[in-house]
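>>> I'll drop the sequence and a predicted model, then ask my questions.
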Amino acid sequence: MQIRLLEIENFRGIKALTWLPSAGINFVLGAGDTGKSTLLDAIALVLSPQPSQAALEADYRNMDPSQPFRVKAVVGHLSDDFTARVFPAPLWGWDAAARVLRSGPDEQHQIDPVAVIEVEGTADLELIHRILQPGNEPRILSVQARSAAGLWNVNTNRSPDTQLRMSRGSLLEAALGRDQMRAPAAAAVQGAAGSLQVPEETTNVLKRLSDQMKDAGLDIQELALSLIPSVGQSPVQLLALVAKSADGSIPLASYGRGSRQIAMVTLAAGEVHEAPIAVIDEIEAGLEPYRQRALVALVRNLVRDGGQAFMTTHSPAVLARLSKGEAWRLRRQGDHSIQPIRGHVERLMHRDPEALLSRLPIVCEGATEVGVLEYMFQALAGVDPATFGIHLVDAGGHRQALDFMKAFAEDGYQVGGLVDDESFSSGTRVAITALPSARLFIPPGGRCIECAVANALPTASLESLLEVPAASGVKPNMVDRLQAVSARLGQQTRLPIAEMVKSYGEKKVREAIGEAATGSDWFKSVEAGHELAAFMHANLRGDNEVMITIQKLTAWSLEQVRPQHDA
Amino acid sequence: MTLSDEEFGRILGDSPVIAVDAPAGAGKTHLACTVAFASVPKLKPYQEVLFLSHTNAARDVFRRRVSGEGRASSGIALKTLDTFCIDVLSPYADLWGLPTPLRPPTPIPRDWFLDVRRKAATLFERRLEIARAAAHRYPLVLADEHQDASIHHNSIIQSLARVGSRVRMFGDALQAILTFDPTIPGWDHLTEGIATIELSGAWRWRDAPELGEWISAARALLKAGVAIPLSNAPVCVDVMSVLGTRQSWTQNADVLKVLRRLRGEESLIVLSRRNDEAKAIARHPELDLAVNEGSDQSAVEQVVAEVVSAIGDHRTIAGSLVDFMIGCGSLDPQSAQLIKALDRGNAEHGTAEVIDILRARADLPGLVLAVRAARRHASQLGWTISHPMSLNTLAALPLSVGVDEVRELIFQAQRAAAETAVPSRCASTIHKAKGREFDHVVVPWLDASTFGPDIKDRQLLYVALSRARRRLTLVVPAQNRSPLVSV
């Protein structure tokens, strides 16, 4: 089955949210505490195969049950089991384009048949599942019908012990079936109770208690101890999955997180339901990147025929491999909203997925700028930007950097950028300046950072710029570098810098050094950027315009992330 | 129930639609029960066998049979076809221009049930997924008395078969109800091109196979319109030839002699066409026969059917009204004559108002108004009403209803009527004996005016004959003998 439309009202932190998820895989991304898990829990709740229990106060918005909560789902690709169980409840026709339900006498059967179900947490803390019949009183949606919806709720945070045990609606119950294990479990408990050895000391206490109770008028013959499941529990619920070995049995629930995750997803996958709806929070939990990918591939395979999966992840390895329409961003700016990750943001998700998992991406024109900034955050502010949620993105070019920034800012991300001062002023650049959540930093004084540095250096330090290595501990080839500068000046034979200044003037030589540095890729790596930054830090004055720009960038960035960080 | 293992296997098998041609007494209900019980264990927990009947009465018969076998009826859903239509359509009522919640209103507007049936059928035809949901819920559908199904009912059942239900239709052309409804095409039409299994009649006659064979043969002859030869009837079928006329047969010495001889029979029914005849027979105290008042409304059905097929024909309608009035008790012959002749007579006489109505309009509302007027003037008319049930039903019919709704109203009246126990020795109309069985059945006047060559008369005679479990006594007048028998 597949959810076509989801509407959440007053559920926990979410006041109102409407979502039209994709038919297959849906990954929900978003900053911490935006309500990703709440969204997944809402889906799990409306389709829950467990008998309705009382709602928890914590499920209400502001913990206030006087505002009932509601999760409504328009569900399509219905299984025969489900439709048969809810018959004759209505099957509507879903018009995805118009987002409306139809079912008048004029509708033909080509339309997408859907059921409309909801769960309500009432003001009396009651949890009521219904199937809606517009224009008619809703009908109760039975546990049996819900269990035909094929929900797998794999949630490692919440009670793996319950999922790997024969409890109501658990993955193990779904995989093995409950009924045929009822009698064997009862028999086993009875047998085990029979073999219970009570120490003599305890037997004496029991005898004494027995006499006292009889004296108090209790109608018993003899007191004893036995194995009895607690009230409301059935012996079948004592059954749990264990890993057997020569050394004994270990409950799977006590395995590590990653192993439990694999166990639960595999258990769900083993179920015969044709088109399940999987809800998996943090699919990567406890797994290496390759096992994360394998698990996603398993889920993808299981939902491919009319199923659907709702997952969260914080794993770049998972994000980098998502296809179009599979990733969503949940935002909370006052009200909640959810939107697809698409276009340039999606491209960046494949290229540098961590950008989407960070608090503040700083889009850099190239690797040099990434290296320079990494160094400068340490040198100027004494922080590692990566631990503050500041992610430096190598955009791989000027135009792409601007495209990424614009796309991020338009989608509401806070984003910074460090790009060259290209002579042309593109429309994209103008557009970014108008977006409040974006801030563009452009070091002045040259058309690239190397040029700006070359222009800003004291004359005496010019030659030493050529000696800055491209990787730490590796001496650059001075012959090649001087040759490159000379060539820029139209000089056939190479000259020392001082000679060049004499012949061509300081301004031209500075330009030639800048051009040679960027054109011959002296610093085109992150590591080289570190070296260049170290050189800048040592040789440029604090009131230099390039340094001021970088200083402003680091200060602005930390300001963006700090308030939340401190909180 | 005579059914080869192969045939039974086919009924239980995967074929989407099978018609079971089941004569009276052939064990149709028994077969339906057996099929249902054999299928229930194979169902998923939420699936059910769906038993669809036309009347609540038939549904109740099936329910009693199910529980009578000491079996839990879980896994078997019992519904009338119209209830099923309402169930199916109810969630969509709003969009289909029907009231919400969908319930038959009182009074039921003209064509209300027809509209619901038609819309339910259209819903299943257009929205296959809804039919599929129903089919998955009800993998086996048993359609009872399918000879009475309307084209819309049939369409619903065929839709279910198309999307996965196995449909087993039980019916018998010879037991059709009085069809005055143009949307009811009849058994032969409904089973055209459908695999049919003939259930030969033996269940009711498992203790008297000879009688069973003879009734079965008689059925074939009646169906074909060929006279039943009485000369070579078996011992269990007594044939008496007597002299006399129809008008006085209830006083005929030979008939009474035959009936006196049967005083020792514990389970006996004397079947006449008309209620007054049954009562006249029961008035002979030495015969020890009670009147079967029945709980059915066939007298209403009959008069409505007659009126509907004679709209505009004032005289025929007047005749039908008189027959109906006599059926409810007894009517002063002079009043009967005046009404039949549409003669107002003396203005002081109670017939005047009745005749005025009948002259003014020759249709169903006219009949209802006339019967209400007659009830008001009962004492003046010399109309003694000893059986008010049918009268109440007819007089209570709303004036605005269509023919189709009348049937439903009659069903409802039938359901409302307390189920009366049938006396074990009684005189009864054939209509009121429908669905009953007796060891010994007497058909006391097999003449041409009672049993003519018309198909309805042939159906009526078949119903009469097939009530007998062990013995039949047929009294055939020497003159005006029924063309349905030959001596």
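Arrived safely, thanks for sending.

>>> and the stretch 51-200 of chain B, which residues reach chain A?
B:87-88, B:90-97, B:100-101, B:119, B:122-123, B:126-130, B:132-134, B:136-137 (CB under 8 Å from any CB of the partner chain). Using the backbone N, CA and C atoms, a C-beta is placed for each residue, glycine as well.

>>> filter the residues you listed to the buried ones?
Burial by neighbour count, 16 or more other CB atoms under 10 Å in any protein chain shown: within those this picks out B:87-88, B:90-96, B:100, B:119, B:122-123, B:127-130, B:132-134, B:136-137.

>>> give me the subset of those lying in helices.
B:87-88, B:119, B:122-123, B:128-130, B:132-134, B:136-137 (DSSP state H).

>>> of all these, which two lie farthest apart?
Distances among those were taken as CB to CB; the most separated pair is B:Lys119 and B:His136, at 21.8 Å.

>>> assign a three-state SS to A:Ala123, would you?
The three-state label for A:Ala123, taken from DSSP: H, G, I helix; E, B strand; the rest coil, comes out as coil.

>>> tell me how far it lies from chain B.
A:Ala123 is 26 Å from chain B, where distance means CB to the nearest CB, to the nearest Å.

>>> and that residue, its phi and psi?
Per-residue torsions, A:Ala123: phi -60, psi -20 (degrees, to the nearest 10).

>>> so it is in contact with A:Phe69, correct?
No. Using CB atoms under 8 Å, A:Ala123 makes no contact with A:Phe69, being 10.2 Å away.

>>> the more surrounded of these two?
Set A:Ala123 next to A:Phe69 and count neighbours by other CB atoms under 10 Å in any protein chain shown: A:Phe69 wins out with 24 against 13.

>>> so for A:Thr518, what's the pLDDT?
The score at A:Thr518 is 90. That number is its pLDDT.

>>> then the one 5 residues further on?
Taken from the predicted model, the pLDDT recorded for A:Phe523 is 92.

>>> ok, it - how many residues close by?
29.

>>> what helix or strand is it on?
Counting by DSSP states H and E, no helix or strand carries A:Phe523.

>>> got phi/psi on it?
Main-chain torsions, A:Phe523, degrees, to the nearest 10: phi -130, psi 30.

>>> name the nearest residue to residue 487, sequence neighbours excluded.
Just so you know, I chose chain A. A:Ala516 (7.6 Å; CB to CB, 6 or more residues apart in numbering or on different chains).

>>> wrong chain, I was asking about chain B
Leaving aside its sequence neighbours, B:Val487 is closest to B:Leu230 (5.3 Å, by CB to CB, 6+ apart).

>>> ok, the one you found - contacts?
B:Val237, B:Val239, B:Leu474, B:Val476, B:Val485, B:Ser486, B:Val487 (CB atoms under 8 Å, 6 or more residues apart in numbering or on different chains).

>>> which pLDDT value goes with B:Val422?
pLDDT, B:Val422: 66.

>>> quick revisit: give me the buried entries from the contacts of B:Leu230.
Using 16+ other CB under 10 Å, the buried ones in these are B:Val237, B:Leu474, B:Val476, B:Val485.

>>> how many neighbouring residues does the residue nearest to A:Ala487 have?
Neighbour count for A:Ala516, taken as other CB under 10 Å: 23.

>>> can I get the contacts of B:Leu230 in CSV with pLDDT and distance to B:Arg273?
Converted to CSV, those look like this (pLDDT from 0 to 100; distance: CB to CB, whole Å):
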residue, pLDDT, distance to B:Arg273
B:Val237, 94, 20
B:Val239, 93, 19
B:Leu474, 95, 14
B:Val476, 94, 15
B:Val485, 93, 15
B:Ser486, 91, 20
B:Val487, 82, 21
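
>>> can you name the two of the residues you listed that sit furthest apart?
With CB to CB as the measure, no two of the contacts of B:Leu230 lie farther apart than B:Val237 and B:Ser486, at 13.9 Å.

>>> which of the buried ones among the contacts of B:Leu230 fall in helices?
Per DSSP H, the buried ones among the contacts of B:Leu230 never map to helices.

>>> A:Ala193: which of the contacts of B:Leu230 is nearest?
Nearest to A:Ala193 among the contacts of B:Leu230, with distances taken as CB to CB, is B:Val237, at 72.0 Å.

>>> the closest residue in space to that closest one that isn't next to it in sequence: which element?
Spatial nearest neighbour of B:Val237, excluding adjacent residues (CB to CB, 6+ apart): B:Leu472 at 4.7 Å. Assessed by DSSP H and E, B:Leu472 sits inside strand B:468-477.

>>> the residue in the stretch 351-500 of chain A that chain B sits nearest to: what's it in contact with?
Nearest residue of the stretch 351-500 of chain A to chain B, counting by CB to the nearest CB: A:Asp411, 37.8 Å away. Listed by CB under 8 Å, 6+ apart, the contact set of A:Asp411 reads A:Arg329, A:Gln339, A:Ile341, A:Val345.

>>> apply 10 Å and report the result again.
Contacts for A:Asp411 (CB atoms under 10 Å, 6 or more residues apart in numbering or on different chains) come out as A:Arg329, A:Arg331, A:Gln339, A:Pro340, A:Ile341, A:Arg342, A:Gly343, A:His344, A:Val345, A:Ser437.

>>> cool, and A:Leu241?
Contacts of A:Leu241 by CB under 10 Å, 6+ apart are A:163-166, A:171-172, A:175-176, A:249, A:251-253, A:263-264, A:267.

>>> measure how buried the nearest residue to A:Gly396 once chain neighbours are set aside is and give me the count.
Using CB to CB, 6+ apart and skipping residues adjacent in sequence, the residue nearest A:Gly396 is A:Gly366, 6.9 Å away. Here the count is done by other CB under 10 Å, and A:Gly366 has 27 residues near it.

>>> and if you look at the one 10 residues further on?
Look at A:Met376: counted by other CB under 10 Å, it has 22 neighbours.

>>> any idea of the mean pLDDT for whichever strand or helix holds B:Ser379?
According to DSSP H and E, B:Ser379 maps onto helix B:378-381. Here helix B:378-381 scores 87 as its mean pLDDT.

>>> for the helix or strand just after it, which strands pair with it and how are they oriented?
Per DSSP H and E, the first helix or strand lying C-terminal to helix B:378-381 is strand B:383-385. Within its sheet, strand B:383-385 is paired with strand B:329-331 (antiparallel), according to DSSP bridges.

>>> what's the first helix or strand after the partner strand?
helix B:333-340.

>>> list the contacts of that next one.
Defining contact as CB under 10 Å, 6+ apart, one finds that helix B:333-340 is touched by B:315-316, B:318-323, B:325-326, B:330-332, B:343-346, B:349-352, B:354-355, B:358, B:370, B:374, B:377-378, B:380-383.

>>> got a pLDDT number for the residue nearest to A:Gly396?
So, for A:Gly366, pLDDT stands at 93.

>>> what do you get for A:Asn155?
The predicted local confidence for A:Asn155 is 67.

>>> now find how far off-centre whatever helix or strand B:Asp439 lives in is within its chain.
Per DSSP H and E, B:Asp439 falls inside strand B:438-443. Relative to the centre of its chain, strand B:438-443 is centred 19 Å away, using CA atoms, centre = their mean, to the nearest Å.
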